[in-house]
Every structure is written in C-alpha cells, then in structure tokens.
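Novice: quick check, what structure comes out for this input:
(one chain, ligands or ions: 1)
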Amino acid sequence: MESTAGRWWAPGRVNLIGEHTDYNDGYVLPMALPLGVTCTAAAGPGGVVRLRSRQAPGDSVDTTTAALGTGGWSEFPAWSRYPLGVVREFERRGHKVSGVHLDLDGTVPIGAGLSSSAALSCSVAIALRDLFAPTTTDTELIDIARTAENVYAGVPTGTLDQSASLLCTPGHLLFLDTRTGAAEQIPFDLAAFGLTLLIIDTGTPHRLVNSDYAARRAECAAAAAQLGVPALRDIPFAAEADRLTDPLLRRRARHVITENARVLQIAEQLRTGADPRTIAPLLTAAHQSLRDDFEVSSPPLNIAVETALTAGAHGARMTGAGFGGSILALTDRDDTPTIVTAIRESFAAKGFPPPRDYTVTPSAGAHRLPGPNVV
Ligand code: GLA
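Specialist: Prediction:
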C-alpha cells in the first residue's frame with residue numbers, strides 16, 4: 001500500500017451463553033477474544049476498491065464502488081463479500097466512499113464458531129467509519145456489518161457477533177438485549193476466582209452458508225407464529241411450548257425459551273459478584289438443550305464437552321452456531337492442562353482431528369490501533 005491512513009482492529013468473540021437466541025429477539029452474553037482481524041486502510045480516489053488478505057494471497061479483488069452497486073458479485077471470492085458488502089452498505093446508506101485500499105490480516109480460526117467473519121466485517125466497518133463517515137453510530141455499524149453478512153455473503157445471522165465485536169470491553173461480558181439493543185457490561189474476572197475459560201476448537205468447521213442454520217431460523221419463526229407472538233423471546237415459560245402440536249417445533253421453542261432464561265439467570269448471578277462456579281451447571285444445561293432440543297451439536301462437540309466434564313470442568317458447552325466448531329469449558333486454572341490432555345486423548349481414540357485449545361480473557365472490542373498516519 002503506497003499510503004497508509006491507519007490500522008483498525010476488530011475481535012472475534014466467544015459467546016458464554018445465549019445461543020440461537022439473537023434471531024429470536026432474545027438475550028446473549030458474549031465476550032471479545034484476543035484474536036481478531038487487523039484492517040490497514042487508506043482512502044483513495046476514483047471509487048477504486050482494492051482488497052487484499054494475508055490469509056488469501058491469491059484471491060485479491062480490484063473493483064470500484066460503482067461496480068459494487070451493479071451486481072456481478074458472483075465473481076468475487078466468498079471471503080471478500082464480507083468486506084465488499086460493508087463498502088457497498090456505506091455507499092447504499094449515503095456515506096460516500098471516495099475509494100479505498102484495504103489490507104486484511106486475521107488470527108481468528110475460520111469455521112471455529114468464534115466469529116472470524118464478524119471480525120472481518122467489523123474491522124472494515126470501523127475503518128470506513130473513521131475514513132468516510134465519522135458520525136456513524138455503533139447501532140448503524142452493527143447493522144451495516146450484519147447486512148454485509150446477510151445480503152452480500154448470504155449468511156442469515158442475527159446481531160450477536162457484530163454487536164460483540166463492536167461493543168465488548170476488556171474484562172467484561174456484554175449482556176445484550178437483541179430486541180432493544182440495550183447493552184450492559186458485566187465484569188468477568190475469572191482469574192480472581194482461580195478459574196479459566198478454556199476454548200477447544202474441535203477442528204471440524206461449521207458452514208453457515210447452505211447449512212441448517214437457516215432452517216433453525218425458519219422453525220423458530222414458525223413456532224412463534226403458532227404461539228401468536230412476534231418472537232420466541234415473548235414466551236417466558238417453557239411449559240407454553242407444549243401448546244405446539246409439532247414435536248420438532250416444540251423442541252426448538254423449548255431451547256430458545258430456556259436459553260433466554262439461562263442468560264438472564266447467569267447475568268443476574270455475575271452482576272452480584274457471585275463465584276462463577278455457580279453458573280457452571282447452566283452452561284452444561286445449555287449444551288444439553290442445544291444437543292437434544294435444538295439439534296445443532298455434533299459428535300466431536302459432544303465428546304469434547306463430556307470429556308471436559310469427566311476430567312473436572314465445572315461446566316461445558318458447545319458455543320457459536322454449532323454443527324461443528326468449538327466448545328467452552330469453565331475450569332479451575334490448575335486443572336486446565338489435565339482437561340486439555342484428556343480431550344486430546346479422547347479425540348485421538350475416536351479418530352477425530354487433533355483439537356486446538358485456547359485460554360481466553362475478555363478482551364477489547366473494535367478500535368483504531370496506534371500507528372502510522374501517513375496519507
Ligand atoms: C452464529 C450467528 C449468530 C448467532 C449464533 C448462534 O454465530 O452469526 O447471529 O445466531 O450463530 O447463537
């Protein structure tokens with residue numbers, strides 16, 4: 001890049017609890033990861049959009065803002081539709097992009113359920129905000145990044161990932177009401193209690209596009225319609241799901257209703273400074289609900305959770321959309337190496353690929369990085 005206007009960072013996220021609740025207008029409780037995407041960006045002339053990614057060196061894109069407005073997206077590599085979608089959304093909403101060079105470099109494992117795509121979209125969104133539309137609010141940025149994923153990348157996500165990447169703060173969980181957008185930062189200091197949040201990436205990637213994710217959304221919408229409410233968030237008690245005659249819709253609704261209740265309960269316990277060990281049974285209950293009622297778990301995720309619990313984790317669950325990806329486990333710090341070893345051994349015994357492990361603390365949300373400002 002000939003001229004450097006700056007560097008921006010947006011993280012991936014891990015969702016402590018509140019899975020498949022966001023597109024049901026419900027509650028989520030994610031935190032930002034220390035893994036993310038760095039976007040080096042510079043404004044340029046002539047509507048020229050130049051896109052490079054360190055993770056896809058053979059897949060660069062050179063186009064223009066005018067071309068982005070006239071279709072022809074099928075020729076763009078899949079990964080590039082997220083950043084290009086962000087550029088297009090700024091323009092479509094009336095924020096003129098004179099032209100931009102974007103160089104991207106990411107550390108979030110792809111397909112691990114840790115929101116590599118939101119890190120990508122959000123790093124570009126905050127860069128474009130600072131370069132071209134500085135009054136853009138966080139709410140609009142979340143909507144721009146989500147629209148990039150839904151419309152241009154074709155992945156029908158809710159707002160969990162983009163909200164987490166943009167709004168999380170170090171040392172905190174983000175308690176978010178996805179209907180109202182009301183957000184609260186809840187302190188989450190596991191080290192003070194001798195605890196660790198362990199993430200195991202099973203190395204069996206999920207694929208959100210063309211997956212069962214869209215089917216789950218449709219099932220939830222059907223269940224809400226049959227129960228006569230705008231969204232499943234409006235149903236407070238799981239017993240009400242029994243009014244659904246279709247057993248599959250009943251199970252889907254039961255997951256969402258009980259999951260919202262678990263988020264509220266965990267938020268309440270942590271808000272009052274309780275020992276995080278007290279939330280652990282709710283994490284494990286969430287896994288059972290995702291496995292049995294929502295049916296988005298997988299054999300490697302189940303084995304990882306079961307092994308973690310047997311080896312001494314206080315609670316464990318799959319995290320993210322499911323169908324593969326990662327689990328999280330709440331473990332005593334001193335037990336973490338034993339638990340990782342146990343999971344490695346059980347994966348080897350089952351013939352699963354070797355898992356990757358991370359211990360994570362709540363990290364910073366998207367922000368501009370210090371550095372050169374040469375134009
Ligand atoms: C993916 C989606 C989110 C959310 C989760 C499941 O991460 O991008 O919007 O629905 O799955 O909680």
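
Novice: what packs against the helix or strand residue 166 falls within?
Specialist: Element membership of residue 166, judged by DSSP states H and E, is helix 160-167. With contacts defined as 3 or more CB pairs under 8 Å, 6 or more residues apart in numbering; DSSP states H and E, the packing partners of helix 160-167 are strand 6-15, strand 27-28, strand 30-43, helix 116-132, helix 138-147, strand 172-177. Every residue, glycine included, has its C-beta placed from N, CA and C.

Novice: so what strands line up beside the last one?
Specialist: Counting by DSSP bridges, the strands paired with strand 172-177 are strand 27-28 (antiparallel), strand 183-187 (antiparallel).

Novice: low-confidence stretches in the stretch 151-300 of the chain?
Specialist: Low-confidence regions of the stretch 151-300 of the chain, defined by pLDDT under 70, span residues 207-210.

Novice: at 90 instead, please
Specialist: Flagging of the stretch 151-300 of the chain using pLDDT under 90 yields the residue ranges 154-155, 204-212.

Novice: what parts of it come near the ligand?
Specialist: Residues of the stretch 151-300 of the chain found near the ligand (CB under 6 Å from any ligand atom) are 157-158, 160-161.

Novice: of those residues - the most surrounded one?
Specialist: The residue in those with the most neighbours, by other CB atoms under 10 Å, is residue 161 (30 neighbours).

Novice: ok, it touching residue 13?
Specialist: Yes - under the criterion of CB atoms under 8 Å, residue 161 makes contact with residue 13 at 6.0 Å.

Novice: what touches both of the two?
Specialist: The overlap between the contact sets of residue 161 and residue 13 (CB atoms under 8 Å, 6 or more residues apart in numbering) consists of 30, 115, 118.

Novice: any idea which residue of the protein is furthest from its center?
Specialist: Here the chain reaches farthest from its C-alpha mean at residue 46, the gap being 34.3 Å by CA atoms, centre = their mean.

Novice: for the helix or strand containing residue 52, name the packing helices and strands.
Specialist: Secondary structure from DSSP H and E places residue 52 in strand 48-53. If you count contacts as 3+ CB pairs under 8 Å, 6+ apart, strand 48-53 packs onto strand 61-64, helix 81-92, strand 100-106.

Novice: what angle do the longest one and helix 138-147 make?
Specialist: With axes from the mean of the first three to the mean of the last three CA atoms, to 10 degrees as the basis, helix 81-92 and helix 138-147 are set at 130 degrees to each other.

Novice: please compute how far helix 81-92 lies from its chain's middle.
Specialist: On the basis of CA atoms, centre = their mean, to the nearest Å, helix 81-92 is displaced by 19 Å from the centre of the chain it belongs to.

Novice: next one: stretch 64-74
Specialist: 27 Å.

Novice: quick one: buried residues of that stretch?
Specialist: Under the neighbour-count criterion of 16 or more other CB atoms under 10 Å, stretch 64-74 has 65, 68, 73 buried.

Novice: quick check, the residue in the stretch 201-350 of the chain closest to the ligand?
Specialist: residue 321 (3.4 Å; CB to the nearest ligand atom).

Novice: against residue 24, how distant is that residue?
Specialist: Going from residue 321 to residue 24 by CB to CB, to the nearest Å gives 14 Å.

Novice: likewise residue 191?
Specialist: 33 Å.

Novice: who has more neighbours, the two?
Specialist: Comparing residue 191 with residue 24 by neighbour count (other CB under 10 Å), the higher total belongs to residue 24, at 29 against 9.

Novice: one step back: ok now the helix holding residue 166, how far from the chain's centre?
Specialist: 7 Å.

Novice: do the same with stretch 118-125
Specialist: For stretch 118-125 - counting by CA atoms, centre = their mean - the centre lies 12 Å from the chain centre.

Novice: please apply the same query to stretch 106-124.
Specialist: Distance, centroid of stretch 106-124 to centroid of chain: 8 Å (CA atoms, centre = their mean).

Novice: would you put the C-alpha positions of it in PDB?
Specialist: What follows is stretch 106-124, C-alpha atoms only, in PDB (Å, rounded to 0.1, in the frame of the first residue of the first chain):
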ATOM      1  CA  GLY A 106      -6.700 -12.200  10.700                       C
ATOM      2  CA  THR A 107      -5.900 -14.500  13.700                       C
ATOM      3  CA  VAL A 108      -9.400 -16.000  14.400                       C
ATOM      4  CA  PRO A 109      -9.600 -19.600  13.300                       C
ATOM      5  CA  ILE A 110     -12.100 -19.900  10.400                       C
ATOM      6  CA  GLY A 111     -15.200 -22.000  11.000                       C
ATOM      7  CA  ALA A 112     -14.500 -22.500  14.700                       C
ATOM      8  CA  GLY A 113     -17.600 -20.700  15.900                       C
ATOM      9  CA  LEU A 114     -15.500 -17.800  17.100                       C
ATOM     10  CA  SER A 115     -16.800 -15.200  14.600                       C
ATOM     11  CA  SER A 116     -13.900 -14.800  12.200                       C
ATOM     12  CA  SER A 117     -16.400 -13.300   9.700                       C
ATOM     13  CA  ALA A 118     -17.700 -10.600  12.200                       C
ATOM     14  CA  ALA A 119     -14.100  -9.700  13.000                       C
ATOM     15  CA  LEU A 120     -13.500  -9.200   9.200                       C
ATOM     16  CA  SER A 121     -16.700  -7.200   8.600                       C
ATOM     17  CA  CYS A 122     -16.400  -5.100  11.700                       C
ATOM     18  CA  SER A 123     -12.700  -4.200  11.200                       C
ATOM     19  CA  VAL A 124     -13.600  -2.800   7.800                       C
END
